[in-house]
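Visitor: Kindly generate the corresponding structure for this input.
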Amino acid sequence: MRRKAAALAAVTALAATLFTPPAQARPQEPPPYPVVGRGTAFLDHDRLLEGYAEPEWYRANIPFLEVPDQEIQDVYYYRWSTFKRHLRYTDTENGHVITEFHNPPGYSAPLGGIVAAAGHHVYEGRWLRDRRPLDEYLRYWLQGPGAGPKPKEDYVNEDTDDWAHQYAFWAADAAYQRALVTGDTGFVKSLLPDLVRQYDKWGHQYDEKLGLYWSVPVWDAMEYTASSYETDPDDPYHGGHGYRPTLNAYQYGDAKAIAAIARMRGDARTASTFERRAESLREALHQWLWDPERRFFYHKARADLDPEQKLVSVREQIGFVPWMFGMAKPGTEQAWAQLLDPQGFAAPYGPATAERRSRWFMHEALSGCCRWNGPSWPYSTSQTLTGLANLLNDHDQQVIGKDDYYQVLRTYALTQYKDGRPYVAEAHHPDEPRWIYDGPGHSEHYNHSTFNDLVINGLIGLRPQPDNKLVVNPLVPASWDHFALENVPYRGHNVTVLWDRDGKRYGQGAGLRLYVDGRRIAAGPDLGRIEARMPANVPADRTPRLVNDAANPHGSGYPRPFASYTNDIDDVWDAVDGRIYYDDIPHSRWTNYRSPNPQDHLGLDFGVPTEVSDVRFFPYDDGGGVRAPAGYRLEHWDGTAWREVPGQRRTPAQPVGNALNRVTFPALTTTRLRLVFDNPPGAYVGVVELQAWSPSTGDARLTVREQDPGTVTAVFANTASTPATNVRVTPALPPGWTAKAEGPEHARVVKPGGEFTVRWTVTPPEGVRPGSYPVRAFAAYGGQRVSSGYGSVTVPLDLGAFPQVDVADDFAADTSARYTVYRPFGGEAEPRITVGGGKLAASGSAPYFGMVAGPAPLPDGDAMSVLTAGSFAGTGQPEDSVFVGWVKDADNYVTAWYNHTRKQSGINVRVDGRFLDTPGDAAVTLEPGDRFALALSGTAITSYAETDGVWRELRTADLGGPLDREGYRYGFGLRGSSGTITLAGVEGRSQR
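Guide: This is a model prediction of the structure:
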């Protein structure tokens, strides 16, 4: 992350070039970063950003901070770099998500989101100037793939059926608190129906008798809690069902927020309903979860775990969560004494997640991951400090003070270090300076908490209000002589808070001062609360919305990256995965390291004709073997040859590493683009991300899909409050394909909330092989343009294209002697295999994995391996999988896999014990009798599934060269955590 001064100087020059005043920019070139606007300039931004890659992003987006506590200040800027790392652009339909891990684990929602920390993400990101990522992120969870269905299985929460309810989430509160900062009430009001639906879908976990919601600690994002050890010792990971301060406080906060948003919309009925719900929850929380003798909020087990439903014996840090939403009544403040008590939660690297006096404190915490029974968890620390800031601002009490807030925040900052540098992972030892849950390539810079919100909203005390007041109430130590929080994006203005005890630090006079857009609007002599009237909200930015036509987080399909050479530890797909960060580990980049070529290219195949005018790339520069290119040229494919893109304007003129490099030009339509790089002297070239941006209005949606084989449908939906006029929709198909409209492609008017549908019959050229091909649609209307995401059109698979049947077995008889079983991994047993009666069965009481080679060798030429599904174990455990393809031995196989627990399929290619990089999964569900196949054509392998009698393509991968077929046989695999998996048949076919 830290870079040399020379690189910084070059990037600084880039930033100056990028921030051209809007009046001088060409209309088709909106600035790549938000325009800061008028503000103050008391701080040296360049000095504060020294060592950070792509500093222009920070200049455009973050409030700048200077405080006399170096650790808090350093962690503040580091945590903005952490947040930036996790801003992931997904595709043209969904835009950004905010990730928790750099590489999403298998239990993630589509496109990599995990809802567990989504509330933290919104609280933290609300202080960024660019509003679009959080707008898109909230839509993702409330309207998009994050709101979509998921399995009701223990692996991803068996009690809920959509991804936005996989974990508890204070959705409405976060959206409302953000609106208080942005002032964009129109956006949050548009989400009201979705927020009500999100709230009501927790209703199945509501207990009418107690008036409380029950939840499970693990689905509060809190595995192995002290309360689950105490109430459900047989299953402390997925057990411990009970009534907890967490979900009940989240629902209270959401009810209050929904009521406030409804009143914005003039919906008094909804507001009253949710105000009553909130008050009912508040009363129930105090009646059932507050212990007046022990003066704390506790977990209460569900009756099936404890018929007496006693409060647990241990205080847990979750007892502070009610203050996060203003839920705790006056008179409960004594609970906060436990935060400072050495036998309570106080710890050198705390606070701890369970009180130290409990017998469950740190139980098994050092023998495995994810114990919420003592370790210091940033997630929980964030909630506690948010609640404490609310208490100190909203209630008079004598239990805890602002100096305590600072000391706990400082402890939190000191926790976020590793090897002397700011760092955050999953969980920290409460008493030792080390992260205890910190997996390499997994949890680096873990985005599961807040810190900067605690500085801005708590320590400096900028307290967003529902009216036009600007309120600041610092919680800084009385001994501080100065601090500055500069140019906070607040309701379209820039707010600066300045404290200078004697006026010498900043030269603006002594005392506390508030500035809006560079103008002082209020002042006070001391560090007390100060108020001022804000100017009117500035409307949301209406510059053209852009979409990135190059982004593809799936690792397959289109748009598809390509390169003349790729280093063997890199992946060309990483250049279009929507992630921009410049770390070595974990890394996400393409390089031509060790290429024998003086030049190499990195390109994009859009698959269909696409209009392009704005290409951006982010070169990787490690200061050693990979540097910014010496030069480059941008070329497009004109249908017959590569041509240099005419009329290029480059910013900067010469490429700069670890920064945005942009090429704009008069719009052209092409199917492919490529950057041809000149290697720098003695080094090679790397690219973190390659992008191609085009305008697409946010006031309409265009979706495209294949309705039936050979029929494509595009639906234009007008989401604006005004009619869309002269709407014309056109398809974009691969070269050589034709489309014939089945009705009008033009609509004179589409009313607000209305739709216009166009259908085409599409025809591929002669000789096209079976598979899925890309299709998009574009619509022009009223001087605007909207583009669809990618759909696909299918050329159906015909097994007749592989007429030679090399092997077929319906398992009617015992043919087990024909098969050889290999065990790929020592930690999993070889399955027990039985054959006969129309099935091959694999079973085991412990995890098992077998790769099975059949009797027929893989021939020359194109071939296909097919299996017919029988039954699955259905245990809900991680492994319940079948594989199909070709097997040589335990270390060599070419297969497609299907995981029945996750309802996902992908590709595994293992050569000499090493897996080739074949990323990306496809959603599919196989039932008994469905077929699953893998085809080999040249160096490409493609998986297919036949469901409801229709074959569809799942994944494609390139082997990188011809497969050495010696010893490979048609085969399959079976892998289970336990139980029995069966197949109903296997077949091998070829074209020989």
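Visitor: CA-only coordinates of stretch 758-775 in PDB, if you can.
Guide: Below are the C-alpha coordinates for stretch 758-775, written out as PDB (Å, rounded to 0.1, in the frame of the first residue of the first chain):
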ATOM      1  CA  VAL A 758     -40.200  -5.900 -27.500                       C
ATOM      2  CA  ARG A 759     -39.700  -9.400 -28.800                       C
ATOM      3  CA  TRP A 760     -37.400 -10.700 -31.500                       C
ATOM      4  CA  THR A 761     -36.900 -14.000 -33.200                       C
ATOM      5  CA  VAL A 762     -33.100 -14.400 -33.400                       C
ATOM      6  CA  THR A 763     -31.200 -16.700 -35.900                       C
ATOM      7  CA  PRO A 764     -27.600 -17.800 -35.500                       C
ATOM      8  CA  PRO A 765     -25.300 -18.200 -38.600                       C
ATOM      9  CA  GLU A 766     -24.700 -21.600 -40.000                       C
ATOM     10  CA  GLY A 767     -22.300 -23.900 -38.200                       C
ATOM     11  CA  VAL A 768     -22.600 -22.300 -34.700                       C
ATOM     12  CA  ARG A 769     -21.700 -24.800 -32.000                       C
ATOM     13  CA  PRO A 770     -24.200 -25.500 -29.100                       C
ATOM     14  CA  GLY A 771     -24.000 -23.200 -26.200                       C
ATOM     15  CA  SER A 772     -25.000 -19.800 -24.800                       C
ATOM     16  CA  TYR A 773     -24.300 -16.600 -26.700                       C
ATOM     17  CA  PRO A 774     -24.500 -13.100 -25.400                       C
ATOM     18  CA  VAL A 775     -27.300 -10.700 -26.100                       C
END
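Visitor: Please point out which parts of that stretch sit buried.
Guide: Buried positions in stretch 758-775, judged by neighbour count with 16 or more other Cβ atoms under 10 Å: Val758, Arg759, Trp760, Val762, Pro764, Pro770, Gly771, Ser772, Tyr773, Pro774, Val775. (Each C-beta comes from the backbone N, C-alpha and C, glycine too.)
Visitor: Same check on stretch 838-856?
Guide: The neighbour-count criterion (16+ other Cβ under 10 Å) identifies 839-844, 847-856 as the buried residues of stretch 838-856.
Visitor: Quick one: end-to-end distance for it.
Guide: Taking Cα to Cα, to the nearest Å, the span from the opening residue of stretch 838-856 to its closing residue is 20 Å.
Visitor: average pLDDT for that stretch?
Guide: Here the mean pLDDT over stretch 838-856 is 96, rounded to a whole number.
Visitor: thinking again about what came up before, can you lay out the buried residues of stretch 758-775 as CSV showing distance to Gln317?
Guide: What follows is the buried residues of stretch 758-775, written out as CSV (distance: Cβ to Cβ, whole Å):
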residue, distance to Gln317
Val758, 55
Arg759, 57
Trp760, 58
Val762, 58
Pro764, 60
Pro770, 56
Gly771, 53
Ser772, 49
Tyr773, 53
Pro774, 49
Val775, 51
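Visitor: Go ahead and list the helix or strand containing the closest residue to Met324 other than its chain neighbours.
Guide: Distances taken as Cβ to Cβ, 6 or more residues apart in numbering place Gly387 nearest to Met324, at 4.2 Å, with adjacent residues excluded. Gly387 belongs to helix 378-394 when assigned by DSSP states H and E.
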